[in-house]
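Participant: with the sequence up front, the predicted model follows.
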There are 2 protein chains.
Amino acid sequence: MAVKAQVLYDFTAEPGNNELTVKEGETVTITNQNVGGGWIEAQNSRGDVGLVPEDYVEVGKPFTAAGFTAPTPGAANIASQDLSIFDAYAPPSAPPQNQVDTEVFIPQPDTPDTPVSPYLSSPDETSNGNDPWSAWNSDPSGGSNNNWASNPEGTQTGTGAGDPWGSVSQGHPQAYQGPDIYPYPYLIDYAGTDYDEWDDEWDDAKSTGGYGESESGDGGAVQRAGAHAPSMKISLNKFPGFSKSGPELYLLCKQFTKGKERVPIYIGEVGPVWLYPETQLDCMVADPKKGSKMYGLKSYIEYQITPSNTNRPVNHRYKHFDWLYERLLDKFGSAIPIPSLPDKQVTGRFEEEFIKMRMERLQAWMTRMCRHPVVSNSEVFQTFLTYKDEKDWKTGKRKAEKDETVGVMIFSTIETEAPDLGAHEVEQKCEQFSRFTKAMDDGVKEILTVGHEHWKRCTGPLPKEYQRIGKAFQNLSTVFTSSGYQGESTLTDAMTAAGQTYEEIAQLVAEQPKKDLHFLMETNNEYKALLGCFPDTIGVHKAAIDKVKEGDKLVAAGKITSQDKVTMAKRVSTMSYSLQAEMNHFHNNRIYDYNRVMQQYLEEQVKFYETIAEKLRNAHRQFVTL
Amino acid sequence: MAVKAQVLYDFTAEPGNNELTVKEGETVTITNQNVGGGWIEAQNSRGDVGLVPEDYVEVGKPFTAAGFTAPTPGAANIASQDLSIFDAYAPPSAPPQNQVDTEVFIPQPDTPDTPVSPYLSSPDETSNGNDPWSAWNSDPSGGSNNNWASNPEGTQTGTGAGDPWGSVSQGHPQAYQGPDIYPYPYLIDYAGTDYDEWDDEWDDAKSTGGYGESESGDGGAVQRAGAHAPSMKISLNKFPGFSKSGPELYLLCKQFTKGKERVPIYIGEVGPVWLYPETQLDCMVADPKKGSKMYGLKSYIEYQITPSNTNRPVNHRYKHFDWLYERLLDKFGSAIPIPSLPDKQVTGRFEEEFIKMRMERLQAWMTRMCRHPVVSNSEVFQTFLTYKDEKDWKTGKRKAEKDETVGVMIFSTIETEAPDLGAHEVEQKCEQFSRFTKAMDDGVKEILTVGHEHWKRCTGPLPKEYQRIGKAFQNLSTVFTSSGYQGESTLTDAMTAAGQTYEEIAQLVAEQPKKDLHFLMETNNEYKALLGCFPDTIGVHKAAIDKVKEGDKLVAAGKITSQDKVTMAKRVSTMSYSLQAEMNHFHNNRIYDYNRVMQQYLEEQVKFYETIAEKLRNAHRQFVTL
């Protein structure tokens, strides 16, 4: 069957690279989806065949047919309970906006398959090339890019879908990609480097060569989803555990899987807290190296990660980080906001700067994960950081992919000796966190918006203006020099120096954002990504609270026993402790991060203004007091 | 005969003030031109009659009929020589663009009667109200507002009229009004104050009451021009002496008017210089007071001027300054650039700021005139500064108005003992000054253009941005305070302080231009006005040089004697000394002025950046090092 696809963006083939030039809106026929390396082979209407980046095309209707259902690994192995009883009490679901279940799986990390994708915005031709924030906050008012307004798949509560803070969703926060844009967006990558590595070499299997790579290296997501489609990769659901299991799976689970995993919660000074290790784990992401595959046709970047516990470096490609992200999201997403990885944008002109920026963001992401006592202590995270050899890594990967304690079942590992909380208190806490995270999200976005504006001004018109002031002084000085009048060299020299000073100031102004605003933006962007996870995380809790509230009705209807009801209340209390511990962790980190970034910002700003003042003082000294 | 007039600008009548609302483009019938106070009485097509500002209307064709010739007082009394001999050698004159000779005289200081008037530009609705430069440099590229490109009436030399620096003109530099715009242009004056006082009270004669003031207070310009039109004021030529007498008047004058006026030129270190007094005259313009006339219907402002030689204050209204300006222009304009007075814009919303700004500019103008040894030593200037009483003032005025040593005849008063200059040297000097003043004019305009841009940025978007940054920090701080997490008040207090600091910085940024850029702009604007006089001043010299070059032909044709030719060469040498002395004066002042203004600018800039750095340092200190 011929697979038709629509071209989303213009793509210009690089000569000698077997690529195919396509135009936005063009329809092509996909002739080989298994090329790998983030590419597909396509044929245009004139019969030309060549490679096209797979996220430049969107596969059409023929593959959105129903028939694939989303298996939920956790549920498949655990739940024998008939959960359909809840359907009667649940309000009708709004049509899912982020429906990805039934689409053909051509891994499209950032393909705009829904209007919420930030990539749908057209390239900002007027923006300064030096501005890494150009696509962030493209809709600060909270429009289609605002994931708070998105309506992810999953259980809906009674409140209006227009207010996501009132709605509960258990979906993957797909609408929110966090720091989601490459600093130089929309520019074609000249180097042919496969930054995203959305290929099929999930196990680094040796390439079978050229195009038409065999199905042996089948899609990780499919593998994880438990499905197997030998000739075609179908994304049944990229994040099955997290998105498909409602809280009832945990609330009414008869027996938890046995395992050594235990996540304790203590009552500390600030309230419920996770167990923090004596020595905080840290790691260093460094030394990006280019590797290649497909006989050198495509290359990729490998990073060296050195964890502080072993101090022994391991190597990982971006796709391994992405694999880790998905594992962590599957496993902890219901209890712990797992911010999405830095952007997956394929294209970019400045390879070195791109790699540097991605590394910096991977570092920030890893640091944040290391700082989380639950995440950093997890087996999958430790495997990622400390695997000994290729075999060890593969074993660890397979084990992690088979982990059944995912989705809401993570709550089954949480242990606390604190007394059970009442329903009211649980609800109150949840509401409080919801309000706070929403408010902070607004605040963070405001900073990002004004920071973005300020960045543009500081790298665009402002230095140009200082340069023009500098030139104007120097030009007038040159005119004065031509006067033929004697004895004015002191003035003209001083005016030239003053002019040069303003040119230097122009340079300082243009470079300053990288020295201070950059970190303020990065930090706020990390928080934006983190806060973007809260609607879903809190949504799980709200859904659980709602289920408990229905307890009496369910007992009355004979759907559950009184004991079930008691168990549910107990378990929702555990969930609340988990949420509180997480919020306290969040607050603690937030205070640390903002204190640090504000200090750093102001320190650099002071230096900046002092440097300018000093330069001007020197220029002023050159004039003679008459 | 009914006088029709076209309305140039919209004017909205103030209730209870006998005014008539008119629209741009409307035709009205003037029913009384002798209302005074800068007003005329007009009737619209619906028959309504009322007062309209006289410079809001332009009188139509009926009065542009020929028949009025421009008497040149200097010529009328001196020249018996038939100067038509030159016509044969002179290239055909370009049609005069600034033809005002045959227009009805409704004194219209700034009425846009030619396309070169800066007032023709439409109100800049988008400009910031705080920007006094909005109309200056409205055409930095040198378009219709660029008087260098204008083609004033008068003798033309052979070079293309497109290049005014190659063309010679003796016209009044009417196209160039210098600092010609009120900081708040196009805003209607609510106070009814007659800032320009273009009324008929040239001698402060008692008003005969209301409208229809008698012809007794007839137009000064008419009086000066020697014409007398009892029932109508006709502007035969506003600046007759200067604009109508070519250099031949002086070059071939048989006998100079006897007088005690002598303007000596010495050879100093830098070359020919004027005689400078031991003590430089200075004066202080201060204490603007509101007076009224027309039974309080119209008011005016009177300034107190205290010269340093008598230290005794005299009072003058703006119109007296304007009278002085015209006298100085008549008398010295051929030899000395007399910058036009500060703007004559009628309307303005912020009365106090307008008065302050005008006073500042009148001060600068007076200071420049005081600093000029020839101007400050002149009888008319001394009369203006030191008149003893009303009678003394009137006597002085009348005497000045009867002065015959005006226009090119000013050169007849110049005396130097230096040896005569050769024709080549004279021409070379003239070319050099022409090049320099043109280049400096470009340089000054560039500074004004970038300064104007910078002003707009500093008072518009930039402080808004700092304010938004400040607000964003404070808002996030408020969110943090609501977290319910204990022990973060140090952070939130510090963040609030940081936010407030950026709001303070916004304020500093917005106020800074008034502290530094203002003086840089004022100085450059003064120079723009001054340099705007050079094409005409230099034009007189170039025309004289051309006449001397024709000497041999004229002798051969028997039009002049050999002796006449020798006299001409001698006199053009005197003119050259005069020009050199003036250029040396200009350079000397220029070095002083730019040294001073650059120092002042940089000093204030240093303070500005230091203040910001200090504020940020204080904000930084509030954060705790973790």
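Facilitator: Looks like it arrived, so ask away.
Participant: C-alpha only now, for contacts and for neighbours.
Facilitator: Fine.
Participant: where in the stretch 151-300 of chain A is pLDDT low?
Facilitator: A:151-245, A:294, A:296 (pLDDT under 70).
Participant: close to chain B: what parts of the stretch 301-450 of chain A are there?
Facilitator: Proximity of the stretch 301-450 of chain A to chain B is confined to A:Phe436, A:Ala439, A:Met440, A:Gly443, A:Val444, A:Glu446, A:Ile447, A:Val450 under the rule CA under 8 Å from any CA of the partner chain.
Participant: I'd say the third one and B:Val479 touch.
Facilitator: Yes. When contacts are counted by CA atoms under 8 Å, A:Met440 is listed as touching B:Val479 (6.0 Å).
Participant: hmm, back to that, mind checking which of the residues of the stretch 301-450 of chain A next to chain B are in helices?
Facilitator: Using DSSP state H to define helices, the subset of these located there is A:Phe436, A:Ala439, A:Met440, A:Gly443, A:Val444, A:Glu446, A:Ile447, A:Val450.
Participant: looking at it, the fourth one is touching B:Leu476, isn't it?
Facilitator: Think A:Gly443. Yes. With contact defined as CA under 8 Å, A:Gly443 reaches B:Leu476; the gap is 5.0 Å.
Participant: show the residue spans covered by the helices in the stretch 251-400 of chain A.
Facilitator: A:318-332, A:351-371, A:373-376, A:379-386, A:390-402 (DSSP state H, counting those that start in this stretch).
Participant: and for the stretch 501-626 of chain A?
Facilitator: Using DSSP H, counting those that start in this stretch, helices in the stretch 501-626 of chain A cover A:517-531, A:534-549, A:551-556, A:562-621.
Participant: buried residues in stretch A:278-292, which are they?
Facilitator: A:Leu281, A:Asp282, A:Cys283, A:Met284, A:Val285, A:Ala286, A:Pro288 (16 or more other CA atoms under 10 Å in any protein chain shown).
Participant: near chain B, which residues of the stretch 501-626 of chain A show up?
Facilitator: A:584, A:587, A:591-592, A:594-596, A:598-599, A:602-603, A:605-610, A:612-614, A:616-617, A:619-620, A:623-626.
Participant: let's see 7 Å
Facilitator: Contact residues (CA under 7 Å from any CA of the partner chain) of the stretch 501-626 of chain A with chain B: A:587, A:591, A:595, A:599, A:602-603, A:606, A:609-610, A:612-613, A:616-617, A:620, A:623.
Participant: pLDDT weak spots in the stretch 301-450 of chain A?
Facilitator: For the stretch 301-450 of chain A (pLDDT under 70), the answer is A:344-350.
Participant: residue in it nearest to chain B?
Facilitator: Closest contact between the stretch 301-450 of chain A and chain B, by CA to the nearest CA, is at A:Gly443 (5.0 Å).
Participant: wait, doesn't A:Cys533 sit right on A:Ile336?
Facilitator: No. Look at A:Cys533 against A:Ile336 with CA atoms under 7 Å: they stay out of range, at 8.5 Å.
Participant: which one's more surrounded, these two?
Facilitator: Neighbour comparison, A:Cys533 and A:Ile336: the larger count goes to A:Cys533, with 30 against 26 (by other CA atoms under 10 Å in any protein chain shown).
Participant: do you know how far the more buried one is from chain B?
Facilitator: Applying CA to the nearest CA, to the nearest Å, the value for A:Cys533 to chain B is 18 Å.
Participant: who's in contact with the residue in the stretch 251-400 of chain A positioned nearest to chain B?
Facilitator: Of all residues in the stretch 251-400 of chain A, the one sitting closest to chain B is A:Val270 (6.9 Å; CA to the nearest CA). The contact partners of A:Val270, taken as CA atoms under 7 Å, 6 or more residues apart in numbering or on different chains, are B:Gln486.
Participant: how near is the nearest residue to A:Val273 once chain neighbours are set aside to A:Val375?
Facilitator: Nearest non-adjacent residue to A:Val273, counting by CA to CA, 6 or more residues apart in numbering or on different chains: A:Ala581, 4.2 Å away. From A:Ala581 across to A:Val375, the span is 13 Å (CA to CA, to the nearest Å).
Participant: which of the two has more neighbours?
Facilitator: A count of neighbours by other CA under 10 Å puts A:Ala581 above the other of A:Ala581 and A:Val375, at 24 against 19.
Participant: the more buried one reaches A:Glu269, doesn't it?
Facilitator: No. In this structure, A:Ala581 is not within contact of A:Glu269 by CA under 7 Å, at 11.6 Å.
Participant: in TSV: the ones in helices among the residues of the stretch 301-450 of chain A next to chain B, plus neighbour count.
Facilitator: Below are those laid out as TSV (neighbours: other CA atoms under 10 Å in any protein chain shown):
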residue	neighbour count
A:Phe436	18
A:Ala439	20
A:Met440	23
A:Gly443	24
A:Val444	24
A:Glu446	23
A:Ile447	25
A:Val450	21
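Participant: and those residues, which two are the farthest apart?
Facilitator: A:Phe436 and A:Val450 (21.1 Å; CA to CA).
Participant: which SS state does A:Gly50 fall under?
Facilitator: strand (DSSP: H, G, I helix; E, B strand; the rest coil).
Participant: I am finished for the moment; much appreciated.
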